[in-house]
Every structure is written in structure tokens, then in C-alpha cells.
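Peer 1: have a look at this prediction, sequence included:
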Amino acid sequence: MHLTELRIAGFKSFVDPQEVPILPGLTGIVGPNGCGKSNLLEALRWAMGASSAKAMRGGEMDDLIFSGSQARPARELAEVTLVLDNSARTAPPEFNASDTLEIMRRLKRGAGSTYKLNGRTVRGKDIQLIFADASTGANSPSLVRQGQISELIGSKPQNRRRILEEAAGISGLNTRRHEAELK
Ligand code: ATP
Ligand code: MG
């Protein structure tokens, strides 16, 4: 499974709908200060199921919606879609019927967020598991946040272990184990 496109509309500074193709290999985002580089990465992480204030740079969830500028009114809706190539058919069995997965997360001001997978309403947990099984996700070390390298150098051994587990591809199993233990 790999990410082929990010679509974004009404999310933070990305007011108009944009489609960002993502090619195989390493992707870098460059541009002047404040142009929206971190916002793009945040959109990716949010659509993967991130919700904690820390993951989303603090504040309320509604702060993710375009808040208006001198020239344009605020929006009521933020939408991020991730397009995944699933031609290798490695998605979890319940979502593995098609070559392309479109994961959409939509936030309405004052009404919280919902997820859709290929048009079908799903839980945030379903989305998180798809990425955890693929050894990636909102907290994956393959998405390097601003300031994260210095954070890592000073982090506790338990946190470093989590990164090694991601690299070893067992974090999906851990998530499923936690879910099973809770039942
Ligand atoms: P740097 O190089 O300094 O790290 P960056 O390219 O990562 O910059 P971002 O942090 O992604 O920049 O974008 C910051 C911009 O996004 C600011 O101009 C801020 O006003 C704008 N912004 C953040 N949230 C919203 C929002 N809800 N509505 C409109 N604009 C927003
Ligand atoms: Mg930044």
C-alpha cells in the first residue's frame, strides 16, 4: 500500500481545494516561512486519525478549519482525502476489495469529524488500524515533525522502543492486542 495523493480543502491555510500528487520515494516540502508546509503534514496526519491536541499543534479541533483572511470569509468545513494504492491488496481484509482506497476525514464547525472509506462511513479506529498494520500512521517516525529530531535525542527509552517497534512492523499487532485486552 502506498500514498499516491493528498486532497485538501478548507483545512488551515489551504482554503481552496488542492490536489497534491505524492510520488514513490522520499518526499520533501519546501517553501518560505508560513507558506503551509507544516499544515500539509498536519493534514496528512489528521486524515490518518490523529486527534490529540499535541499531534495537531494544540488548540481546538475547529482551529483546523480555515479561519478567514482579510480577503476571504472563514469556512465551515475542512476536508482531507488520502488516496492509497492498494493494488498489492495488503489492506485489512474488511477493506481489501479494491485497488484504490480513498480515506476522507471531514470536520464541520461545531459538529466534530467523520471518516469515510471509499464513500462508506467508518470509525477513526478503522482508519488508524489500516495505517498501523502498514507500519505507519499519524505517529509514525516516517513523518518527521518540526523539532522532532531534538525531541527524540532527549526522549525516554520507552519512546525509543516505540520507534523500533514501528520499524520492525509490529505496532499494528500491539494496537490490536490493546483492543482485544479492552474487550
Ligand atoms: P515554517 O517554515 O515557519 O515552519 P510553514 O511553512 O510550516 O512555516 P505553517 O505552520 O504550515 O507554515 O503555516 C502557517 C500559516 O498557516 C500561518 O500563516 C497561519 O496563519 C496559517 N493558518 C494556520 N491555521 C489556520 C486557519 N485555521 N485558517 C487560516 N490560516 C491558518
Ligand atoms: Mg513549519
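Peer 2: Ah, there it is. Ligands and ions are numbered 1, 2, ... in the order given.
Peer 1: going by C-alpha atoms from here, please, whenever you check contacts or count neighbours.
Peer 2: Noted.
Peer 1: so Arg109 touches Leu77, yeah?
Peer 2: Yes. Counting by CA atoms under 8 Å, Arg109 touches Leu77, with 6.3 Å between them.
Peer 1: neighbour-wise, which of the two wins?
Peer 2: A side-by-side neighbour count of Arg109 and Leu77, using other CA atoms under 10 Å, places Leu77 first with 20 against 16.
Peer 1: now list whatever residues contact both of Arg109 and Leu77.
Peer 2: Common neighbours of Arg109 and Leu77 are listed as Ile65 (criterion: CA atoms under 8 Å, 6 or more residues apart in numbering).
Peer 1: so which residues on the chain come close to ligand 1?
Peer 2: 12-13, 32-39, 63-68 (CA under 6 Å from any ligand atom).
Peer 1: how about the strands in this protein?
Peer 2: Taking DSSP state E, the strands of the chain run over residues 2-9, 18-21, 77-85, 100-108, 112-117, 120-122.
Peer 1: can you put those strands in a markdown table and add mean pLDDT?
Peer 2: Below are these laid out as a markdown table (pLDDT from 0 to 100):
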| stretch | mean pLDDT |
| --- | --- |
| strand 2-9 | 96 |
| strand 18-21 | 96 |
| strand 77-85 | 97 |
| strand 100-108 | 97 |
| strand 112-117 | 96 |
| strand 120-122 | 96 |
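Peer 1: need those strands in a markdown table (columns: distance to Met48).
Peer 2: A markdown table is the format used below for the strands of the chain (distance: least, CA to CA, whole Å):
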| stretch | distance to Met48 |
| --- | --- |
| strand 2-9 | 11 |
| strand 18-21 | 16 |
| strand 77-85 | 8 |
| strand 100-108 | 8 |
| strand 112-117 | 10 |
| strand 120-122 | 13 |
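Peer 1: helices of the chain, start to end?
Peer 2: With DSSP state H as the criterion, the chain has helices at 37-47, 124-133, 148-153, 157-168, 171-182.
Peer 1: let's have these in CSV, adding mean neighbour count and mean pLDDT.
Peer 2: Shown next, in CSV, are the helices of the chain (neighbours: other CA atoms under 10 Å; pLDDT from 0 to 100):
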stretch, mean neighbour count, mean pLDDT
helix 37-47, 20, 93
helix 124-133, 20, 89
helix 148-153, 11, 76
helix 157-168, 13, 79
helix 171-182, 13, 78
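Peer 1: excluding chain neighbours, what is closest to Thr81?
Peer 2: In space, and not counting its chain neighbours, Thr81 is closest to Met104: 4.3 Å by CA to CA, 6 or more residues apart in numbering.
Peer 1: bridging residues for that neighbour?
Peer 2: For Met104, the beta-bridge partners are Thr81, Lys116 (DSSP bridges).
Peer 1: how many neighbouring residues does it have?
Peer 2: Using other CA under 10 Å: Met104 sits among 25 other residues.
Peer 1: so it makes contact with Thr121?
Peer 2: No. If you go by CA under 8 Å, Met104 and Thr121 don't touch, sitting 9.3 Å apart.
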